[in-house]
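S.K.: Let's see this in three dimensions:
(chains A and B, ligands or ions: 3)
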Amino acid sequence: MSVKPDISVNVCGQNFKNPIIAASGAYGFGEDYTDLYPLSALGGISCKGTTLNPKDGNIPPRIAETPSGILNSVGLQNPGIDRFINYYLPRLKTQDTVVIANIAGASIDDYREVAEKLDSTDVDMIELNISCPNVKKGGATWGVTCEGAASVTKAVRNATKKPVIVKLTPNVTDITEIARAVEAEGADSVSVINTLLGMRIDIRTRRPILHNNVGGLSGPAIFPVAVRMVWQVSNAVKIPVIGMGGIATAEDAIEMMMAGASALQMGTAIFNDPYAPIKVCEGIEKFLIENKIEKLSDIVGTVKPW
Amino acid sequence: MSFFCNSYPVIEKKALAEDIYSYTILCPEVANNASIGQFVQIKAEGYMLRRPISICSVDKEKGTLRLVFEVRGKGTDKITELNKGDLMDVIAPLGKGFTTPAKKEGRVIVVGGGIGTPPMLDIAKQYGENCTAILGFRSFDRVILDKDYASTGAKTIVCTDDGSVGVKGMVTGPLTEELAKGDVACVYACGPTPMLKAVVEAAKAAGVDSEVSLEQRMGCGVGACVVCACTVVRGGKEYVLRVCKDGPVFKGEEVVL
Ligand SMILES: Cc1cc2nc3c(=O)[nH]c(=O)nc-3n(C[C@H](O)[C@H](O)[C@H](O)COP(=O)(O)OP(=O)(O)OC[C@H]3O[C@@H](n4cnc5c(N)ncnc54)[C@H](O)[C@@H]3O)c2cc1C
Ligand SMILES: Cc1cc2nc3c(=O)[nH]c(=O)nc-3n(C[C@H](O)[C@H](O)[C@H](O)COP(=O)(O)O)c2cc1C
Ligand code: FES
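M.R.: Ligands and ions are numbered 1, 2, ... in the order given. The predicted model follows:
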């Protein structure tokens, strides 16, 4: 029998027992799937995007199906940072998994204040969502210019000593410029990618399916775009890249790590198969054994471009 | 209250009307945990999103679940490729169902519109002749489950829009008459939103409690993604809740339809 390969990964000094982190927005605050398996089965969880004050989100319908994917326009519905800190975080911290707070704001001051509040908690990492396509003010507006992305990163960097991951939007001309800009302001890591802006129309009613008209595309449909962007960004910056966008199988996970991702997030695939993260970890172990690789992190960035 | 995600064998498949099917699956663990008004998320092979379908009836002794659904699009069509002996992949049982007090004070009325008729069959089973079932359909060829309701002992009234069978017109006519007879503990309803509104109004006017089962497009189905929003008003304050976990059944006087 072969030795069990090591599938743990390390990002910014934070150890993850396996590379799969539940993507923000797909897994709430970790309460909803525990009937099936404990949170400790995951490397980590990136919690639902949280803002300074509670938010009610957009008018439904907030989801539409697409070939191999979905569009969503939740609009950052969340209970606010105080509820996160006082209620969800203590519960999450007992579950033996890495807890990442995902934060969003409408102003630089919002981001700063939320980061300050988190700094004095025992949350493991902070992911800055500067790329939500579903809120009119804030979100994407920061992530689409180097200046915007840099200014939010700088404000949060000055507010906390926690590891800061900046989540980038793919809805830009050159994602590597944004990645460099946030690296220069002290981001410890970047996560790539948030959803791609999309739209579906019901041809009988001529109404967009989403009440918000447009929404973010996720799922296997965006996987090749995500692989390309992970590859480009990991070549452009020195900080570690967390890869996501359409990962559904162990093969996808391995491919994205070869493109340059040090850890991974999975979202949409979990809607289809709640056990997907566990199956992916099992498949990764199998691949490593078959290919006589002892340590998963040895495959990171090993793509051999033509 | 816990749920499972598993594949269970189809032990019966029946066509009830054109494009409307009844499936019975053998799933003792789910049947044991299921209550009236909960739903399941069925995987449609090749589609990202599972399809939410109400539990029509539970047989805890046999360990079976009955699901009745209409083919509305590609996903439900795909699911109907499953035949007896095939495995159906479901997450179940999900959500918060109807509150049906065991103590039968007075009568209850269930109102079902079209494909909204299935989820209340077990209410009729529980209350028998103390239940009145008012079932509305477009026309005679869309009528489903009328015999199932009648066989529970419930007084069953069928209405059709075109009068091709039963009472001509909307369910609200017979509902108002039944409410007027008094002694009604609760009205339970599932169907199109305009019908739900009318039912809630009629119940309110008669001073009777009501519970309605809502539909909304879903992602996870378990409460994690907050895509299935609906608004309720409690104590003068609005709350945005999840149809999948806080519902699908809500109190008529609280929900904003
Ligand atoms: C809690 C709940 C219980 C339900 N119970 C039943 C039932 O017992 N019997 C029955 O026939 N139908 C029921 N429905 C409606 C059923 O879920 C939809 O008709 C079905 O999802 C349509 O899928 P499709 O593949 O036919 O259509 P498509 O148009 O291919 O669906 C595209 C997407 O939209 C979603 N969608 C479309 N219409 C609806 C809708 N009305 N409600 C929710 N999602 C929708 C689909 O789930 C899918 O994600 C229920 C819905 C909910 C929310
Ligand atoms: C329903 C839904 C809600 C989401 N909410 C957030 C959010 O609050 N914050 C965030 O940074 N990303 C959010 N995302 C984006 C995901 O975290 C992820 O970047 C994207 O879905 C791509 O990964 P996937 O294809 O594995 O889902 C959301 C995605 C979905 C589908
Ligand atoms: S469908 Fe995900 S929260 Fe209801």
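S.K.: what number of residues lie near residue 25?
M.R.: You didn't say which chain, so I picked chain A. 30 (other CB atoms under 10 Å in any protein chain shown). To be clear about C-beta, it is placed using only N, CA and C from the backbone, and glycine gets the same treatment.
S.K.: please go with chain B instead
M.R.: Counted with other CB under 10 Å, B:I25 comes out at 26.
S.K.: and it, which of the three is it?
M.R.: Per DSSP: H, G, I helix; E, B strand; the rest coil, the local secondary structure of B:I25 is strand.
S.K.: What residues are recorded as beta-bridge partners of it?
M.R.: Counting by DSSP bridges, B:I25 forms beta bridges with B:V10, B:L65.
S.K.: what about the residue of the stretch 201-306 of chain A found nearest ligand 1, distance to ligand 3?
M.R.: The minimum distance from the stretch 201-306 of chain A to ligand 1, using CB to the nearest ligand atom, falls at A:I209 (7.6 Å). Using CB to the nearest ligand atom, to the nearest Å, A:I209 is found at 15 Å from ligand 3.
S.K.: likewise B:D161?
M.R.: In terms of CB to the nearest ligand atom, B:D161 sits 32 Å off from ligand 3.
S.K.: Next, the contact list for the nearest residue to that residue once chain neighbours are set aside, please.
M.R.: Spatial nearest neighbour of B:D161, chain neighbours left out: B:R138 (5.1 Å); criterion: CB to CB, 6 or more residues apart in numbering or on different chains. By CB atoms under 8 Å, 6 or more residues apart in numbering or on different chains, the residues touching B:R138 are B:G114, B:T160, B:D161, B:D162.
S.K.: which among those residues end up buried?
M.R.: The neighbour-count test (16 or more other CB atoms under 10 Å in any protein chain shown) marks B:G114, B:T160 as buried among the contacts of B:R138.
S.K.: could the contacts of B:R138 be laid out in CSV, adding pLDDT?
M.R.: Output for the contacts of B:R138, formatted as CSV (pLDDT from 0 to 100):
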residue, pLDDT
B:G114, 96
B:T160, 96
B:D161, 95
B:D162, 95
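S.K.: Reformat the contacts of B:R138 as TSV; add distance to A:P220 and secondary structure.
M.R.: Shown next, in TSV, are the contacts of B:R138 (distance: CB to CB, whole Å; DSSP: H, G, I helix; E, B strand; the rest coil):
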residue	distance to A:P220	secondary structure
B:G114	34	helix
B:T160	44	strand
B:D161	42	coil
B:D162	45	coil
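S.K.: From the contacts of B:R138, pick the one nearest ligand 2.
M.R.: Nearest to ligand 2 among the contacts of B:R138, with distances taken as CB to the nearest ligand atom, is B:G114, at 29.3 Å.
S.K.: what bits of the stretch 1-150 of chain A have low per-residue confidence?
M.R.: Scanning the stretch 1-150 of chain A for pLDDT under 70 picks out A:1-2, A:132-140.
S.K.: Okay, helices next: where are they in it?
M.R.: In the stretch 1-150 of chain A, the segments counted as helices under DSSP state H, counting those that start in this stretch are A:81-83, A:89-92, A:108-119, A:140-143, A:146-159.
S.K.: Run through the neighbouring helices and strands of the shortest one.
M.R.: Judged by 3 or more CB pairs under 8 Å, 6 or more residues apart in numbering or on different chains; DSSP states H and E, helix A:81-83 is in contact with helix A:108-119.
S.K.: other SSEs contacting the helix it packs on?
M.R.: Helix A:108-119 packs on helix A:81-83, strand A:98-103, strand A:125-129, helix A:146-159, going by 3+ CB pairs under 8 Å, 6+ apart.
S.K.: any idea which of these is most buried?
M.R.: strand A:125-129 (a mean of 27; mean count of other CB atoms under 10 Å in any protein chain shown).
S.K.: Which pLDDT value goes with the closest residue to ligand 3 within the stretch 1-150 of chain B?
M.R.: Going by CB to the nearest ligand atom, ligand 3 is nearest to B:P52 of the stretch 1-150 of chain B, at 8.2 Å. Looking at B:P52, its pLDDT is 98.
S.K.: Can you classify it as helix, strand or coil?
M.R.: strand.
S.K.: so what's it up against?
M.R.: Neighbours of B:P52 in contact, by CB under 8 Å, 6+ apart: B:F39, B:V40, B:Q41, B:I42, B:L94, B:E215, B:M218, B:G221, B:C244, B:P248.
S.K.: for the fifth one, which residues make a bridge with it?
M.R.: Right, the one you point to is B:L94. According to DSSP bridges, beta-bridge pairing links B:L94 with B:F39.
S.K.: what's the burial count for it?
M.R.: Neighbour tally, B:L94, other CB under 10 Å: 25.
S.K.: Over to A:T121?
M.R.: When neighbours are defined as other CB under 10 Å, A:T121 has 18 of them.
S.K.: didn't it look like it was pressed against A:I85?
M.R.: Yes: using CB atoms under 8 Å as the test, A:T121 is close enough to A:I85 to be in contact (5.5 Å).
S.K.: Pick out the residue in the stretch 101-250 of chain A sitting closest to chain B.
M.R.: Going by CB to the nearest CB, chain B is nearest to A:G219 of the stretch 101-250 of chain A, at 5.4 Å.
S.K.: list the contacts for that residue?
M.R.: A:T66, A:S68, A:G69, A:I70, A:G246, A:A248, A:T268, A:A269, B:M48.
S.K.: Show me the longest helix that occurs in chain B.
M.R.: helix B:193-205 (DSSP state H).
S.K.: Give me the contact list for that one.
M.R.: B:111, B:113, B:116, B:136, B:170-172, B:175-176, B:179, B:187, B:189-190, B:209-210, B:212, B:214, B:252-253, B:255, B:257.
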